[in-house]
Structures are given as structure tokens and as C-alpha cells.
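S.K.: got a sequence here, can you model it:
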Amino acid sequence: MTSRARAARFECTACGHTAAKWVGRCPDCGGWGTVEEAPDTSPAAGRSGRPGVAPTPAARPASPVRQIGQVDLETATARPTGVGELDRVLGGGLVPGVVVLLAGEPGVGKSTLLLEVAARRARDGATVLYVTGEESAGQVRLRAERTDGLAPHLFLSATGDLEEIAAHVEAVDPELLVVDSVQTVGTATAEGSPGGVSQVRTVTTALVALAKQRDLPVVLIGHVTKDGAVAGPRTLEHLVDVVLSFEGDRHSPLRLVRGLKNRFGATDEVGCFEMNDRGIAEVADPSGLFTGGLERTVAGQAVTVAMEGRRPLMAEVQALVATRPSDTPPRRVVSDLDSGRVAKILAVLQERCKLRLHDKDVFVATVGGMKLREPSADLAVAIAIASAYHGEAVRSGLVAIGEVGLGGEVRRVVALERRLAEAGRLGISRAIVPPGEVRTPKGLTAAPVDDLRGALMRTTLEKDPDLSLRG
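M.R.: Presented below is the predicted three-dimensional model:
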């Protein structure tokens, strides 16, 4: 065996995992056919014909050693972006030298959001450089006109070359740099084409170094895989300071920004936006997007309060129970809910509450594109299905919060009082909650229930309206 064969190294093009030999499936990310032989990056290779070696970074002056109390806090003070919902997720704004990665599916609105951020910072007097490698300068200009994003201090460059970006930064001296997207930027010092593992890693490393040297906030747009994970090597998320996920269904105007990593703040905040004809708009009070009208009472409709990070949001669940043809199996169609939890609730309703659902088609969905994955929505889903089964509407002004166990018991959920406070703020007067002591806001009465049967007795499935709130 030659020394060349012994030095061979293989790398996954999806996640960057390295191995000593070729395998058909990456042991880290599970991708098939993604492991390829990596270029030789040994020092002996130098830069002669092997562009896989990144250049040695320029020497920087050594950082002084200081007492921790003498460190200037101004270097870690966030500056608002001008977009309140984004500042909420970032922890107040952008810290000097921070590198933010905003990842999302194609067409979800990443470029529109960051162009809005760039325009607002520029209108406040800051110099902003927006680099696009996916669109032409004319396309970005048209979007800026449509979204009222033209500003005298906003500079635009349509390039995908890392060295050109560095030259533009030196010439413009911006206070904010936006790169759309990191997968389209390439450099001659790395192997492969833009978007490859080596290219993305080298480009990101260079931009991080640039941000730290100049105390320049840098926002990178990134792609996601079909599974929703950030595309590129796993080291990409470790290199940057903040990782944000921009989520949304292209058939729904709702967009959510979630923090996946944040070295300067919490990761349990969520920013809400709405796409419209003029671009993207903040939604400071998004509960109305997820409910079809609290005063309307329709069979198969129930309301709950979900937690998106630390933010309570009202959500509406709708269900339809239909008689199926005798020659077809029953259908279970679930939209924006956990299908496994819905199947469990159907089994509990049939076995514990004696609802004949085995021969019925059941459809369950949320309103407004809200995705409910947490157990606190179990009780609302069960009430909506039971309401649709009996053809009787749930009383208006009623909210249901609780997890349903396999025995039909109703269990407590986290942040119950915060959820009830949000319900009371929106005019809800009655709540079905798990057993135990709970403080309720003024005007809202909570009815604790031990099991699902008791919960159904406190909706309009009970004929006596006074029984709906009895302890």
C-alpha cells in the first residue's frame, strides 16, 4: 500500500464528517452517497495546484490582558436593527462583531426580511453593505422599491467572490454587512465550487475573522436541507455566533423567526412576521392570525393557548368527523399537528369516552398555519373532535389547556398561568385546565378537571349551561 493511499481522507459533502475510508452512508448525518475523497490539505501541498488550502490569516495584534472589570461593556452592547420582532429574538439587536446565520427554505422571505433590516439601519444613518450572490443588482433594486427599501446609505454589490466582498468592505467601511447567501460565495483558496463543504467552511471562517477584526456585524443567509436542517457542514453553526431559523408555509402569510443558537441572548424567543404585497411586516400581537374569531361557535372548533418559546399564542383547532363509505378504510388526515398524538387522542376518546370513531373519517387541522406540537394542545384537540362527533358547538369564550394521558387523565403543562393571562387579555372568560391550584386573571374562571370525560362534560356537550363551570 502506498503512502498516498494511507493518507487518503474522505469527507461527507452534506455535514463535513471525515473518515479514513469510503462508506456508502455517512455515519453522522445518515446521507447516502455523500462521502467523497477530500483534497490533500497537508502543508506539503502548499498552494501549488491544490486550491484546497486556505491562506494563512494575516497576523493581528495580540489582545491585551485586562482585569475582567476593566473590559468595556460597549463592545457587547446590542444595537437595535429597527425591526422589533427580530430584535426580540436576537436579544436586543446586533452586537458589534457578531456573525448571524439566518437559515430558511427557498422563497420563505429571508432576503425580503434582511433587505428591510438593511434599509431601516440605513435610514437611521448607518452605512450598510448588502451583497447578493443569488440575484442581480436590478432584481434587488426592484424589491427595494416595492418594499420601500431605498435609502442613501444602503450600498449594493452583486458578487459571489470572497475577495471582492473584502475589497468592498474596505472601500465602503459599512456598519452592517449582509451576505445573500453564504452558499453562493466562493474563493480561489478552497477546493470545489461555491456551496461545497470546503468552500462554505472557508468563506464563513474568513467572514467571521473580518467581523471580529472590524467589529462589524455580519448577517449571512443560509439554505436548509429537505429535512429543515441548516445546509452545509456542521462546523458552520459552530463558527457563527447566532443561528436563526426562518420558518413559514408559502401558502400562509405567517412567518416565524426562532433562535437556535445565541451567544448574546436567550434562544426561547420567537419573532412573528406577516408577508404581504409590500414585503414583510411585523406582527406584535399574532394571536389573531391563529384564531378564526372567538365569538364564532361552530361544531368541531376549540381554542387553546400554545407557547412559542416564552411567548403565549392563542391557537384554534378544527375537527371534522364524517361518515365514510362502507367499502373504504377510515381516513385520518392531520394538518399542522402531531399525527401520532392525534391518533392517541382518538384511541382515548373511543376507549375512555365511548365515542365510536373507528368507522369514521376524521380530519383535524389548525387555523392560520400555526403548528401545534406540544402536549398542551391535547385537550383542545379532544374537545374539537368530540364536538364534531356530536355536532354541537363548544361555548364561545372557552379555552382548553392540558395534556391527555392514555388513561384519559388530564395532566398539567408548563407556563399554565402565563397561558391563562394571554387568554384573559383576549377576552376569554372560561378555561378548562388540569387539576391543581392556579391563579387566573380578572374576568376569567378556570374549571379544573381530572380526566377527559370531565372535560367534555364542561363544554356544550352538557345541556345545562350552568354545569360548564362547576367545580
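S.K.: what strands line up against the longest strand belonging to the chain, and which way round?
M.R.: Identified as the longest strand of the chain according to DSSP state E is strand 311-323. Using DSSP bridges, the strands paired with strand 311-323 are strand 301-308 (antiparallel), strand 360-366 (antiparallel).
S.K.: return the set of buried residues in that strand.
M.R.: By neighbour count on 16 or more other CB atoms under 10 Å, the buried set for strand 311-323 is 311-321. The way it works is simple: take the backbone N, C-alpha and C, and place the C-beta from them, glycine included.
S.K.: any weak-confidence spans in the chain?
M.R.: 1-7, 39-63, 227, 288-296, 460-471 (pLDDT under 70).
S.K.: show me how it divides into domains.
M.R.: Following automatic domain parsing, one gets these domains for the chain: 1-42, 77-284, 289-462.
S.K.: how about the strands in the stretch 301-450 of the chain?
M.R.: 301-308, 311-323, 332-335, 360-366, 398-400, 403-404, 410-411, 430-433, 445-448 (DSSP state E, counting those that start in this stretch).
S.K.: what about the last one, distance to the chain center?
M.R.: Which is strand 445-448. 33 Å (CA atoms, centre = their mean, to the nearest Å).
S.K.: so what's the closest residue in space to residue 404 that isn't next to it in sequence up against?
M.R.: Once flanking residues are discounted, residue 404 sits nearest to residue 378: 3.9 Å by CB to CB, 6 or more residues apart in numbering. Going by CB atoms under 8 Å, 6 or more residues apart in numbering, residue 378 touches 341, 345, 402-404.
S.K.: now swap in residue 418 and tell me
M.R.: Here residue 418 is in contact with 307, 312 (CB under 8 Å, 6+ apart).
S.K.: in stretch 73-93, what counts as buried?
M.R.: 78-79, 81-83, 85-91, 93.
S.K.: what about that stretch, start to end distance?
M.R.: 15 Å (CA to CA, to the nearest Å).
S.K.: what about the closest residue to residue 380 other than its chain neighbours, how many residues nearby?
M.R.: Counting by CB to CB, 6+ apart, the nearest residue to residue 380 once its immediate chain neighbours are dropped is residue 304, at 3.6 Å. The local packing of residue 304 (other CB atoms under 10 Å) involves 31 other residues.
S.K.: and residue 405, what does it touch?
M.R.: 348, 411.
S.K.: ramachandran angles for it?
M.R.: The phi/psi pair for residue 405 (degrees, to the nearest 10) reads phi -90, psi 170.
S.K.: phi first, then psi, for residue 110.
M.R.: Phi and psi for residue 110, reported as degrees, to the nearest 10, are phi -60, psi -50.
S.K.: residue contacts, it?
M.R.: With contact taken as CB under 8 Å, 6+ apart, residue 110 is in contact with 102-104, 180-181, 221, 246.
S.K.: next, format those residues as JSON lines and append neighbour count.
M.R.: Shown next, in JSON lines, are the contacts of residue 110 (neighbours: other CB atoms under 10 Å):
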{"residue": "102", "neighbour count": "25"}
{"residue": "103", "neighbour count": "27"}
{"residue": "104", "neighbour count": "24"}
{"residue": "180", "neighbour count": "25"}
{"residue": "181", "neighbour count": "24"}
{"residue": "221", "neighbour count": "25"}
{"residue": "246", "neighbour count": "22"}
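S.K.: measure stretch 263-274 end to end?
M.R.: OK, stretch 263-274 end separation, CA to CA: 27 Å.
S.K.: buried ones in that stretch?
M.R.: 264-265, 269-274.
S.K.: circling back to that earlier point, next one: the longest strand of the chain to chain centre, how far?
M.R.: 21 Å.
S.K.: for stretch 255-264, same thing?
M.R.: On the basis of CA atoms, centre = their mean, stretch 255-264 sits 7 Å off its chain's mean C-alpha point.
S.K.: convert stretch 447-463 to PDB, retaining C-alpha atoms only.
M.R.: Written as PDB, here are the backbone C-alpha positions of stretch 447-463 (Å, rounded to 0.1, in the frame of the first residue of the first chain):
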ATOM      1  CA  ALA A 447     -62.500  24.800  35.800                       C
ATOM      2  CA  PRO A 448     -60.000  22.100  36.800                       C
ATOM      3  CA  VAL A 449     -60.800  18.600  35.500                       C
ATOM      4  CA  ASP A 450     -59.300  15.300  36.400                       C
ATOM      5  CA  ASP A 451     -60.000  13.400  33.200                       C
ATOM      6  CA  LEU A 452     -61.100  13.800  29.600                       C
ATOM      7  CA  ARG A 453     -64.700  12.700  30.400                       C
ATOM      8  CA  GLY A 454     -65.000  15.500  32.900                       C
ATOM      9  CA  ALA A 455     -63.600  18.000  30.400                       C
ATOM     10  CA  LEU A 456     -66.200  17.000  27.900                       C
ATOM     11  CA  MET A 457     -68.900  17.500  30.500                       C
ATOM     12  CA  ARG A 458     -67.900  21.100  30.900                       C
ATOM     13  CA  THR A 459     -68.400  22.100  27.300                       C
ATOM     14  CA  THR A 460     -71.700  22.500  25.500                       C
ATOM     15  CA  LEU A 461     -71.900  18.700  25.200                       C
ATOM     16  CA  GLU A 462     -73.500  19.200  28.600                       C
ATOM     17  CA  LYS A 463     -77.000  20.500  28.100                       C
END
